[in-house]
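# pasting the structure only:
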């Protein structure tokens with residue numbers, strides 16, 4: 001029998017604001033475990049807080065499991081900088097109260113519908129029967145808010161590995177979006193150039209492009225791309241080793257060393273993989289858990305989107321965020337989404353729907369415009385696409 005013990009401890013301070021008032025300020029601490037065992041090639045899994053019972057439960061599951069795994073990995077951790085800020089050790093409620101005051105004073109014309117500020121420390125460890133003994137301590141900060149102005153609303157977010165958030169700048173951005181949206185008007189259906197801002201890119205790509213580059217989806221026939229598929233002039237890199245990256249780590253949730261890999265350079269070069277699929281696709285260090293009580297699966301780390309050409313926003317519909325990306329067909333890449341915050345030449349656009357296919361859309365890129373930023377696990381500049389159907 002082989003075994004693996006995964007543990008995660010999270011200590012966080014959070015504040016919630018509703019209708020412009022501080023509603024809740026709290027500290028949360030939780031430690032959870034997950035155990036996997038391999039018996040006769042069958043994989044058993046159990047998760048919870050009672051470590052003594054988990055091994056027995058995992059062995060019971062292995063006897064009836066249809067999941068297979070040859071062995072667990074034994075690798076070293078990569079050296080990754082900028083994912084831990086010592087200042088978090090001194091974090092307290094007064095610090096977050098001050099951030100709330102900054103937020104409330106930053107929005108002058110609009111109203112704050114809701115907002116969340118969170119700072120936390122995560123400790124992750126993995127041990128297994130082959131001798132793996134890995135530990136990592138990381139920190140995270142997150143801020144999001146929704147603003148209202150008349151009948152318009154605006155949403156914005158920012159995150160960091162440091163105990164520092166651009167609350168004022170993010171709040172004012174959300175306020176500007178709400179003001180623009182309050183004066184928005186419908187436009188005629190047709191084909192328009194679009195500029196997708198980083199948040200809109202992340203929303204769309206996460207539900208269309210990224211799943212197609214998963215080793216497991218390719219292995220199970222749930223992806224319409226294969227190695228060598230041409231995706232336009234775009235370059236896509238998955239890199240868990242970026243200094244300060246929001247999705248950086250020295251080892252993944254199975255104990256595989258973090259790596260940098262070029263997924264796409266005009267055509268598909270490789271796929272991000274977990275340990276189970278590494279025999280076929282190679283070990284890429286992308287075996288991640290959506291929560292402690294879930295199996296590791298192939299998931300992207302920091303995804304960097306690159307394109308050589310540069311352009312501008314002139315006469316294009318600039319889309320800040322979208323609604324409905326989760327309804328996209330992750331296999332075919334077809335999507336139909338609504339623009340939540342959009343404008344053209346400074347004038348708000350109301351109720352515009354974008355129709356298309358992600359693989360065709362990638363071939364319509366005319367250039368990037370504006371600075372690169374990270375939204376969740378996507379790192380990109382705003383991207384301009386030519387002649388996209390808008391209704």
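Sure, I can see it. All values reported here derive from a predicted model rather than from experimental measurement.
# just checking, residue 147 is part of a strand?
Yes: applying DSSP: H, G, I helix; E, B strand; the rest coil, one finds residue 147 inside a strand.
# what bridges to it?
Per DSSP bridges, the residues bridged to residue 147 are residue 112, residue 154.
# Quick one: residues contacting it.
By Cβ atoms under 8 Å, 6 or more residues apart in numbering, the contact list for residue 147 reads 107, 110-113, 153-155, 171, 174-175, 177-178. In this view, the C-beta of every residue, glycine as well, is placed from N, C-alpha and C.
# Quick one: those as a markdown table, columns for distance to residue 336, neighbour count and pLDDT too.
Formatted as a markdown table, these follow (distance: Cβ to Cβ, whole Å; neighbours: other Cβ atoms under 10 Å; pLDDT from 0 to 100):
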| residue | distance to residue 336 | neighbour count | pLDDT |
| --- | --- | --- | --- |
| 107 | 33 | 21 | 97 |
| 110 | 29 | 25 | 97 |
| 111 | 31 | 15 | 97 |
| 112 | 31 | 22 | 97 |
| 113 | 26 | 18 | 97 |
| 153 | 21 | 19 | 96 |
| 154 | 23 | 26 | 97 |
| 155 | 20 | 19 | 97 |
| 171 | 31 | 26 | 98 |
| 174 | 26 | 29 | 98 |
| 175 | 29 | 23 | 98 |
| 177 | 22 | 26 | 98 |
| 178 | 25 | 28 | 98 |
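# wait, which of those is closest to residue 341?
Checking the contacts of residue 147 against residue 341 with Cβ to Cβ, the nearest one is residue 177 at 4.5 Å.
# Name the nearest residue to the closest one, sequence neighbours excluded.
Closest residue to residue 177 apart from its sequence neighbours, by Cβ to Cβ, 6 or more residues apart in numbering: residue 154 at 2.8 Å.
# again, but for residue 210
For residue 210, ignoring the flanking residues on the chain, the nearest one in space by Cβ to Cβ, 6+ apart is residue 300 at 5.3 Å.
# and residue 313, backbone torsions?
Dihedral pair for residue 313: phi -100, psi 0, per degrees, to the nearest 10.
# Mind listing the strands whichever strand or helix holds residue 36 pairs with, and their directions?
Using DSSP states H and E, residue 36 sits within strand 21-39. If you go by DSSP bridges, strand 21-39 pairs up with strand 2-18 (antiparallel), strand 42-48 (antiparallel).
# that older thread, possible to save the contacts of residue 147 as JSON lines with distance to residue 263?
Putting the contacts of residue 147 into JSON lines (distance: Cβ to Cβ, whole Å) gives the following:
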{"residue": "107", "distance to residue 263": "39"}
{"residue": "110", "distance to residue 263": "39"}
{"residue": "111", "distance to residue 263": "42"}
{"residue": "112", "distance to residue 263": "39"}
{"residue": "113", "distance to residue 263": "37"}
{"residue": "153", "distance to residue 263": "35"}
{"residue": "154", "distance to residue 263": "33"}
{"residue": "155", "distance to residue 263": "29"}
{"residue": "171", "distance to residue 263": "35"}
{"residue": "174", "distance to residue 263": "32"}
{"residue": "175", "distance to residue 263": "37"}
{"residue": "177", "distance to residue 263": "31"}
{"residue": "178", "distance to residue 263": "36"}
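# Tell me the one of those residues nearest residue 304?
Taking Cβ to Cβ as the measure, residue 155 is the one of the contacts of residue 147 closest to residue 304, at 23.8 Å.
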